[in-house]
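*Asks:* Provided below for reference: sequence and predicted model.
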Amino acid sequence: MAFIGSLLAAAAAGTITVFSLYGPSFQSRLRFTQFEINGVASAMSLALYIPVPLIGYMCDRTGPSSIALISAALLGGGYGLAAGLYHKGDVALGGLGRNDPVIFPFMVFAFVLIGAGTACVYVASVTTCAKNFSKGKIPRLDAGSSDCNSWVQRSPGEFSVFYFFVFLSVTLTFVGLFGTFTLRVIDEDELINEAVEELERSGLLEGSEIFRRRSTTSGYGIASTGEDPEDGGIGNPTKDDDEDNDALKKTWLLNAETRRFLSDHTMWWFALGFWLIIGPGEAFINNFGTVIGTLHTPHISESVTTPATHVSIIAATNTVARLVVGSLSDFASPKPQSAHPQGGLHLSSAPAGQRLTISRITMIIVAGIIISLGTLILATGAMQEHGDRFWTVSSLIGAGYGGLFSLMPIIVTIIWGVENFGTNFGIVALFPAIGSTMWGLIYSAVYEAGANNSDPSTHSEDDTFCYGTKCYSLTFWAMTGSIWVGCGMILWAWKGRNGWAQRGVVI
């Protein structure tokens with residue numbers, strides 16, 4: 001039941017990737033400028049990533065079910081508010097005139113709720129799977145976004161944003177409530193005990209004021225006569241109440257692992273590299289609807305593709321990539337001896353007799369390069385006046401994006417363990433918020449500059465649309481360079497000085 005709840009929660013989280021399906025409607029029906037559209041998307045992305053360390057911290061300490069309940073309130077309320085605002089603006093404007101300045105700030109707030117709710121449901125889903133299946137092969141399944149377009153068509157080719165938002169509000173509220181009763185970590189006390197034993201046996205906790213064994217006992221204790229300021233004022237973990245002992249041991253372990261994670265320099269190289277790679281992918285997914293609109297000049301030629309088509313393409317390639325890459329990670333990559341942290345020097349390598357292995361770092365770099373191929377094709381202008389070929393770009397970026405987000409939590413789990421996964425994953429996931437916002441603003445600036453310099457004969461004086469390579473080419477050249485630099489940073493974390501390869505980390 002926990003696994004089923006996790007799959008539903010992952011599918012719910014995938015709905016956030018269809019922003020480009022209705023983003024152009026904000027422009028055409030509500031008369032939002034490209035900066036305002038990206039303001040909404042950036043607010044959503046910031047809310048999706050910035051709270052994740054706190055959400056992960058809470059998930060590790062209170063369990064994923066409470067986080068799922070919070071997601072039900074945030075997602076239901078966020079999409080409900082967005083539906084009401086869109087309906088108000090659409091009816092008042094009828095798709096004509098200038099936008100209503102009152103709608104924009106409240107729409108931003110609605111998508112802040114949506115982003116935070118998505119973060120909750122996703123972290124709850126991934127944490128549940130990571131911890132429940134840590135003893136065997138961790139299921140690498142992660143549902144991509146679903147194509148719900150057929151449910152919300154008013155007429156052929158006309159997408160009903162209002163009904164789509166209502167549908168999501170009701171559905172995601174149900175998913176969050178379902179997760180409240182099903183998302184559970186089974187036998188967590190056993191997982192914590194094994195982690196403490198493994199880390200002490202490997203020497204990773206040697207010298208810790210929290211986990212140091214007392215010489216007179218074989219249990220876990222603190223080698224101090226008074227209260228240690230680092231342990232929150234708890235001087236003696238030996239109590240009659242086993243439940244209190246387990247809670248204290250869990251707290252000590254998670255706090256110690258958080259400090260080790262933050263002090264590991266390879267984590268920072270990995271996180272910065274992930275930021276530089278995933279930011280362009282996030283910005284593309286939020287903006288490809290308006291990119292498609294720039295490919296064909298109005299009144300001269302008609303676009304032969306629609307954002308809805310590419311939402312489906314990205315969803316399909318994203319999901320297939322996650323399944324393929326996850327399976328490769330399980331069956332073709334080196335396997336560590338345990339699900340606990342590998343932070344020590346010269347740990348055991350992959351088991352002997354394994355003929356061919358593919359490092360997960362190789363896979364994540366390949367995924368980044370695949371995304372860069374998509375951005376490079378756009379940068380060269382090869383898609384201009386060829387919207388029928390845009391599927392190559394959406395396929396490449398969708399597949400690379402799916403591979404990245406399949407591998408990132410796997411790598412965090414394998415190198416730094418599952419016990420503190422929610423917190424560690426949350427810290428790394430914080431970085432894409434900066435990248436998504438940064439590239440969204442850059443794209444908006446280039447787009448608006450292109451619109452201001454467009455031929456007046458192709459648009460009205462108050463038109464906010466842009467047409468041609470000048471609207472996007474420079475942005476995607478810069479994105480391509482960013483991705484290549486990010487791949488180099490992750491490679492350095494692996495092969496660089498005191499990197500994972502030198503430390504014997506099985507990855």
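*Replies:* Thanks, I have it.

*Asks:* so residue 123 touches residue 55, yeah?
*Replies:* Yes - between residue 123 and residue 55 there is a contact at 4.9 Å, judged by C-beta atoms under 8 Å. The way it works is simple: take the backbone N, C-alpha and C, and place the C-beta from them, glycine included.

*Asks:* Mutual contacts of these two, please.
*Replies:* Common neighbours of residue 123 and residue 55, counting by C-beta atoms under 8 Å, 6 or more residues apart in numbering, are 67, 422, 426.

*Asks:* can you tell me which residues contact the second one?
*Replies:* Contacts were defined as C-beta under 8 Å, 6+ apart; by that measure residue 422 touches 55-60, 123, 127.

*Asks:* next one: the first one
*Replies:* When the contact criterion is C-beta under 8 Å, 6+ apart, the partners of residue 67 are 55, 58-59, 120-121, 123-124, 183.

*Asks:* try 10 Å this time
*Replies:* Residue 67 sits next to 9, 55-56, 58-59, 119-125, 127-128, 176, 179-180, 183, 422 when contact means C-beta atoms under 10 Å, 6 or more residues apart in numbering.

*Asks:* rewinding a little: would you turn the shared contacts of residue 123 and residue 55 into TSV with secondary structure, distance to residue 41 and pLDDT?
*Replies:* Shown next, in TSV, are the shared contacts of residue 123 and residue 55 (DSSP: H, G, I helix; E, B strand; the rest coil; distance: C-beta to C-beta, whole Å; pLDDT from 0 to 100):
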residue	secondary structure	distance to residue 41	pLDDT
67	helix	24	95
422	helix	26	88
426	helix	21	88
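
*Asks:* Which single one of the contacts of residue 422 is nearest to residue 306?
*Replies:* residue 123 (32.6 Å; C-beta to C-beta).

*Asks:* Quick check: which element contains that closest one?
*Replies:* Using DSSP states H and E, residue 123 maps to helix 103-132.

*Asks:* mind listing what's buried in that helix?
*Replies:* Neighbour-count burial for helix 103-132 flags 103-104, 107-132 (criterion: 16 or more other C-beta atoms under 10 Å).

*Asks:* so where's the stretch 351-500 of the chain shaky on pLDDT?
*Replies:* 351-355, 454-464 (pLDDT under 70).

*Asks:* what are the ranges of the helices in it?
*Replies:* 360-379, 391-416, 421-429, 431-452, 473-495 (DSSP state H, counting those that start in this stretch).

*Asks:* Does anything pack onto the second one? Which helices or strands?
*Replies:* Spelled out, that is helix 391-416. Applying 3 or more C-beta pairs under 10 Å, 6 or more residues apart in numbering; DSSP states H and E, one finds that helix 391-416 makes contact with helix 103-132, helix 242-263, helix 265-293, helix 307-331, helix 360-379, helix 421-429, helix 431-452, helix 473-495.

*Asks:* hmm, back to that, now the contacts of residue 422 as JSON lines including secondary structure, pLDDT and distance to residue 410?
*Replies:* Below are the contacts of residue 422 laid out as JSON lines (DSSP: H, G, I helix; E, B strand; the rest coil; pLDDT from 0 to 100; distance: C-beta to C-beta, whole Å):
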{"residue": "55", "secondary structure": "helix", "pLDDT": "94", "distance to residue 410": "19"}
{"residue": "56", "secondary structure": "helix", "pLDDT": "92", "distance to residue 410": "16"}
{"residue": "57", "secondary structure": "helix", "pLDDT": "91", "distance to residue 410": "21"}
{"residue": "58", "secondary structure": "helix", "pLDDT": "92", "distance to residue 410": "22"}
{"residue": "59", "secondary structure": "helix", "pLDDT": "92", "distance to residue 410": "18"}
{"residue": "60", "secondary structure": "helix", "pLDDT": "90", "distance to residue 410": "18"}
{"residue": "123", "secondary structure": "helix", "pLDDT": "93", "distance to residue 410": "15"}
{"residue": "127", "secondary structure": "helix", "pLDDT": "91", "distance to residue 410": "13"}
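
*Asks:* looking at these, which has the most residues close by?
*Replies:* Most neighbours among the contacts of residue 422, by other C-beta atoms under 10 Å: residue 123, with 33 neighbours.
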